[in-house]
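Peer 1: Predicted model and sequence below, questions to follow.
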Amino acid sequence: MRGRYGMIPVMNCIRRGFALAFVLGWASLVGAQAGTVSDIGTAAHFPHEATWRRHLEAPAGYAYARRLDRFATYDCGDFTVEAYRQANGPGTVQRTFLAVPKKAVGKLPAVVVPFYFPEAMLGFNPADGGLNSPFCSPNTNLTFYAGVSFLADLARRGYVTISAEAYHLTYATATSPTNNWSKWRHVGESLQKDWPSWTGMGKLVADTRLLVDTLCADGRVDASRIGIIGHSLGGKMAFYTGLLDPRIKAVVVSDFGFFWERSNWEAVWYWGEKLKAIQDAGLSHRDLLLGAREKPVLFLAGKYDNTPAFWEALKTDPAFTSGVRRGIGSPQHRPTREAVAAAYDFLDEQVKNRQ
C-alpha cells in the first residue's frame, strides 16, 4: 500500500479515538471497478461522447476491493471531522476527510470539495488545530488557502462535506516535495506507463466519484441533495465529475480553464499527449455542458476564465441564457469574498433547499 500517514499530537482539535477497520456496508462494491464514466449513466448523450468515454473511463483490469477505514475523529467546534483511508485503486489509498455538522437533525445535504489535499479546504490541520500540514511545502502554511476553505465553511452552514487527496499524493512514490510539479509529473508518467489508454483527468474523476459513493452510502446524508464545489485544480475535478455524475445536483467551478489554451491541460497529469488528438477531433468542454442538460452550474471566472470569449461561449448554452447556469467575473484567480458568498447561496438554493 502506497502513502504515509503519521499521527500528529493533539492540540486545539481533539482526536476522539480510532475505529480500526471501520468499513461502510459496501459489500456490493467489493471487487468492483473504480467509478467510471460508463457506469455514471449521464442523463443525455452529448457531442463526441464515445471519445470522451474512451479517455475518461477506467481501463479494463483497473479493479480493486472498496474499503473505507476510519483512523481518527476530530472535534472541531461546530463540526466533527472523520478521517479515513479510502481505497482508490489497486494497492493505493487516499486520505479522506468527512466533516459532519453537530446538532444535525434528519438527513443532511452534502457537498463534495475536491482539491490537492483536504487540510487546504478545511483551512487548518484537524489533528492539532494548527496552520501547518505535512502536505504543504516548507515555505507554505494553510493560511495560503484562506478564502477557499469550502470544507469547513459549508460544514458550518449545515452540510456534510467531503474532500480527499489528489492522486499526486497517492499513486506513486517520489522524493520531491508533495506539492511540487515534479511530483505531479512523476505520478502522471507512472499512470500512463501502467494504464496507457487512460488519462490523468480520468483518474481524477474516478477518485472524486469515490467521494460521491461515500456520501451516498452514509445514512446521515440525503443522497438526493449532493452538490460539488472546486477551485483551480478542484474546479477541473468539480466540472468533470459534477457534469458527468447524475447524483450531483449542482456544480460550482472556480477558474479552472474552460478553454484548452487557458490552462495547462497538456500536462501529463491531466490529458498529456492525448490533448492534441482530442482538440483536433473538436472536443470542447461545452460538450459536457450539453450532456448535463439543465443541471445548475455557477462559474466563478477569474484570471483564466474571465474573458470575452468565455462569456460569449456561455451565451450559446440554453441553460445559461435561461438562468439555470450563471457566472460571476473577477480579475484574480482566487475568488473574491463576494463570489464565495454567492457560491454558498447558490448551493443553498440548488442543493440544500432542493425539493
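Peer 2: Received the coordinates, thanks. Keep in mind it's a predicted model, so treat the numbers as computed, not measured. Numbers count the residues shown, from 1 in each chain.

Peer 1: you'd agree residue 116 is in a strand?
Peer 2: No - going by DSSP: H, G, I helix; E, B strand; the rest coil, the assignment for residue 116 is coil, not a strand.

Peer 1: Quick check: chain neighbours aside, which residue is closest to it?
Peer 2: Counting by CB to CB, 6 or more residues apart in numbering, residue 116 lies nearest to residue 166, which is 5.2 Å off, once chain neighbours are set aside. Just so you know, the C-beta spots here come from the backbone N, C-alpha and C atoms, and that holds for glycine as well.

Peer 1: surely that neighbour meets residue 121?
Peer 2: No - at 11.4 Å, residue 166 and residue 121 do not qualify as touching, with contact defined as CB atoms under 8 Å.

Peer 1: Those two: which is more packed in?
Peer 2: Taking neighbours as other CB atoms under 10 Å, residue 166 and residue 121 compare with residue 121 leading, 29 against 26.

Peer 1: show me the contacts for the more buried one.
Peer 2: Each residue near residue 121 by CB atoms under 8 Å, 6 or more residues apart in numbering is listed here: 113, 115, 145, 148-152, 163, 234.

Peer 1: Let me know whether my guess that it is in a helix holds.
Peer 2: Yes - Residue 121: assigned to a helix according to three-state DSSP.

Peer 1: could you check the distance from it over to residue 245?
Peer 2: Plainly put, residue 121 is 19 Å away from residue 245 if you go by CB to CB, to the nearest Å.

Peer 1: now residue 263
Peer 2: Per CB to CB, residue 263 is found 22 Å from residue 245.

Peer 1: Between the two, point out the one with more neighbours.
Peer 2: Under the criterion of other CB under 10 Å, the comparison of residue 263 against residue 245 puts residue 245 first, with 26 against 19.

Peer 1: That one is in contact with residue 210, isn't it?
Peer 2: No - checked against CB under 8 Å, the pair residue 245 and residue 210 is beyond contact range at 11.1 Å.

Peer 1: Flag the shaky bits of this protein, pLDDT-wise.
Peer 2: By pLDDT under 70, the weakly predicted segments of the chain are 1-44, 137-139, 173-179.

Peer 1: Overlap of the contact sets of residue 166 and residue 121?
Peer 2: Common neighbours of residue 166 and residue 121 (CB under 8 Å, 6+ apart) are residue 115.

Peer 1: now, among the contacts of residue 121, which is nearest to residue 252?
Peer 2: When the contacts of residue 121 are compared for distance to residue 252 (CB to CB), residue 150 wins out at 8.6 Å.

Peer 1: What is the burial count for the residue lying closest to that closest one once chain neighbours are set aside?
Peer 2: Excluding the flanking residues, the one nearest residue 150 by CB to CB, 6+ apart is residue 113, at 4.7 Å. The number of residues packed near residue 113 is 34, by other CB under 10 Å.

Peer 1: and residue 276, which of the three is it?
Peer 2: Under three-state DSSP, residue 276 falls in the helix class.

Peer 1: The residue nearest to it when sequence neighbours are not counted - how many residues pack around it?
Peer 2: Computed as CB to CB, 6+ apart, the closest residue to residue 276 that is not its neighbour in sequence is residue 266, at 7.8 Å. A count of neighbours around residue 266, defined by other CB under 10 Å, yields 15.

Peer 1: can you tell me how far residue 266 sits from residue 273?
Peer 2: Using CB to CB, we find residue 266 at a distance of 8 Å from residue 273.

Peer 1: In contact with the residue nearest to residue 150, which residues?
Peer 2: Neighbour list for residue 113: 121, 150-151, 154, 161-163, 228-230, 234 [criterion: CB under 8 Å, 6+ apart].

Peer 1: cool, residue 115 as well?
Peer 2: Going by CB under 8 Å, 6+ apart, residue 115 touches 121, 163, 166, 230-231, 233-234, 237.
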